[in-house]
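J.: What shape does this take:
(4 chains)
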2 protein chains.
Amino acid sequence: MRVREGDKEKDILDAAIKVFAHVGFHNAKISRIAEVAGVATGSVYLYFRNKREILLKIFDKLWLNVYEGSENALQKKNLNPPEKIDEMIDILIDTFIESPSLALVFVNEQYHLMDDESASFKVYYNKFFEIGEEIIKEGIKKNIFSKSLDVEILRYYIIGGVRNLLHQWAREPEKYPLNKIRQASKYITKYGIIEK
Amino acid sequence: MRVREGDKEKDILDAAIKVFAHVGFHNAKISRIAEVAGVATGSVYLYFRNKREILLKIFDKLWLNVYEGSENALQKKNLNPPEKIDEMIDILIDTFIESPSLALVFVNEQYHLMDDESASFKVYYNKFFEIGEEIIKEGIKKNIFSKSLDVEILRYYIIGGVRNLLHQWAREPEKYPLNKIRQASKYITKYGIIEK
DNA sequence: AATAATAATGAATCAATATTCAATAATATG
DNA sequence: CATATTATTGAATATTGATTCATTATTATT
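T.: Have a look, this model is predicted:
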């Protein structure tokens, strides 16, 4: 019998990330993904049911990573709430450090997918968010964070801000270097723009 | 000769906003937009060159509005930098107050369009941003805003945060009422999460 | 070396829908 | 009222690209 050469599933996923990042999910052709991956068009269907499954797989891996990463990091280290927020921001940013393309796919395609009932990554996405929520609640309880804040609204604001910065970085990495957006995200989130 | 009945261009635009919001630009069928607008499929092409032109027109009107609105508001009132930031946030939020659908289109489709050379709305979008930049610079100069902030990075963070909140509101208006996200946006932007 | 079993190919199929256009409708004008 | 002019229609066309599948390639096993 014939045996599988290399890891075509990974090749296809990596190619898809590049192509999705470049032209967007809807304009991405399977034939182009196959070409970039170095396989035949039909081979893509040996590994994925259809185009959407490829995108979902990318998001599954992404959010499982992020969730597990933050779960681990926060468990072992003993941090106070502001430090924990920093840690969460670090984990999110580190997820994309090797791949601006992945950042673009995240930024451009996630909203659409949120409407999809079958998007299993949402479980981990939500868990990640719940961790954030817990941190904020803890901070408020300890009188470190402002009591007047609505926890849920806050977390959406922060993720939106960080996300938009990731987008800028992915588009123009030299102009918006990752260390700068990392530092800025942490600072603004904690202190806002008004000088203390 | 025959005369035009009503304002079909507006009907089509309004219908398109609803349909784009509902299923996304790429899944939106012209035939469905026509149906919602109450015109024949072919009529859409009397008013717009193609589907993309409809989307671009929506964004043109949107950002012209926002830009002119902020230009006016800031000119007539005499505000200090923090108040000006509040004003900008108000204008952005007020733009969508009548139409959650428009908010969804903005949130879901804008990123893709930014790559489009021919997207003329970018002029106004950038002008709006420049106003924000000026305000932040002024605040820093007056020692009201923190000196350490990178102006450009900051503005992307804020717009990202507000945007994400608009998204939540548009999806679940009862859960995330506009006045709450308005207030939260202003507070976090200015003070961050740490209690003073 | 022959066989069996699975992997991979890529041209052909097929469906979806954006766009076109020939036909029809409406009304201003003379 | 007849005509000319422009608006509107919606069925037909054309294109695009996702998906399929008959064919071919590869290698483990005997």
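J.: by contact count, what packs against the longest helix belonging to chain A?
T.: Identified as the longest helix of chain A according to DSSP state H is helix A:51-76. When contacts are defined as 3 or more Cβ pairs under 8 Å, 6 or more residues apart in numbering or on different chains; DSSP states H and E, helix A:51-76 packs onto helix A:8-23, helix A:81-96, helix A:100-113, helix A:122-141. (C-beta placed from N, C-alpha, C; glycine too.)
J.: Could I get those in CSV, plus columns for mean neighbour count, mean pLDDT and distance to B:F96?
T.: Shown next, in CSV, are the helices and strands packed on helix A:51-76 (neighbours: other Cβ atoms under 10 Å in any protein chain shown; pLDDT from 0 to 100; distance: least, Cβ to Cβ, whole Å):
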stretch, mean neighbour count, mean pLDDT, distance to B:F96
helix A:8-23, 20, 97, 28
helix A:81-96, 20, 95, 27
helix A:100-113, 21, 94, 16
helix A:122-141, 18, 94, 24
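J.: So which of those is nearest chain B?
T.: helix A:100-113 (5.1 Å; Cβ to the nearest Cβ).
J.: And DNA strand C, is that closest one touching that?
T.: No - if you take Cβ under 7 Å from any atom of the strand as the test, helix A:100-113 misses DNA strand C, and the best it gets is 14.9 Å.
J.: CA-only coordinates of that helix, as CSV, when you get a sec.
T.: Provided in CSV are the C-alpha atoms of helix A:100-113 (Å, rounded to 0.1, in the frame of the first residue of the first chain):
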residue,chain,number,x,y,z
PRO,A,100,1.4,37.9,10.8
SER,A,101,-0.8,36.0,8.4
LEU,A,102,-2.5,34.2,11.2
ALA,A,103,-3.1,37.5,12.9
LEU,A,104,-4.8,38.8,9.7
VAL,A,105,-7.0,35.7,9.4
PHE,A,106,-8.0,36.1,13.0
VAL,A,107,-8.8,39.8,12.7
ASN,A,108,-10.6,39.5,9.3
GLU,A,109,-12.6,36.3,9.6
GLN,A,110,-13.5,35.8,13.3
TYR,A,111,-16.6,38.0,13.3
HIS,A,112,-18.3,36.1,10.5
LEU,A,113,-17.6,32.8,12.2
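J.: That one vs helix A:8-23, what angle?
T.: Angle between the axes of helix A:100-113 and helix A:8-23 is 80 degrees (criterion: axes from the mean of the first three to the mean of the last three Cα atoms, to 10 degrees).
J.: which residue packs closest to A:I131, ignoring adjacent ones?
T.: A:S70 (5.6 Å; Cβ to Cβ, 6 or more residues apart in numbering or on different chains).
J.: any idea how chain A splits into domains?
T.: Per automatic domain parsing, the structural domains of chain A span A:1-48, A:55-191.
J.: Do any residues in the last one lie close to DNA strand D?
T.: Translated: domain A:55-191. No - applying Cβ under 7 Å from any atom of the strand, one finds domain A:55-191 separated from DNA strand D by no less than 10.7 Å.
J.: Over to the residue in chain A that DNA strand C sits nearest to. Which of the three states is it?
T.: Going by Cβ to the nearest atom of the strand, DNA strand C is nearest to A:G42 of chain A, at 1.6 Å. Counting by DSSP: H, G, I helix; E, B strand; the rest coil, the backbone at A:G42 sits in helix.
J.: and it, how many neighbours?
T.: Neighbour count of A:G42, defined by other Cβ atoms under 10 Å in any protein chain shown: 10.
J.: and the longest helix of chain A, anywhere near DNA strand C?
T.: No - judged by Cβ under 7 Å from any atom of the strand, helix A:51-76 stays clear of DNA strand C, getting no closer than 13.0 Å.
J.: what's the average pLDDT for that helix?
T.: Mean pLDDT, helix A:51-76: 96.
J.: Quick one: mean pLDDT over stretch A:172-184.
T.: 95.
J.: Name the residues that touch that stretch?
T.: Contact with stretch A:172-184 is made by A:89-90, A:93, A:97, A:100, A:162, A:165-166, A:168-169, B:149-150, B:152-154, B:156-157, as judged by Cβ atoms under 8 Å, 6 or more residues apart in numbering or on different chains.
J.: How far does that stretch stretch from one end to the other?
T.: End-to-end distance for stretch A:172-184: 16 Å, by Cα to Cα, to the nearest Å.
J.: Would you mark the buried spots in that stretch?
T.: A:176, A:178, A:181-182, A:184 (16 or more other Cβ atoms under 10 Å in any protein chain shown).
J.: And it, how far out from the chain middle?
T.: How far stretch A:172-184 lies from its chain's middle: 16 Å, per Cα atoms, centre = their mean, to the nearest Å.
J.: about what we covered before: with distance to B:E133 added, can I get the helices and strands packed on helix A:51-76 in CSV?
T.: Shown next, in CSV, are those (distance: least, Cβ to Cβ, whole Å):
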stretch, distance to B:E133
helix A:8-23, 28
helix A:81-96, 23
helix A:100-113, 22
helix A:122-141, 29
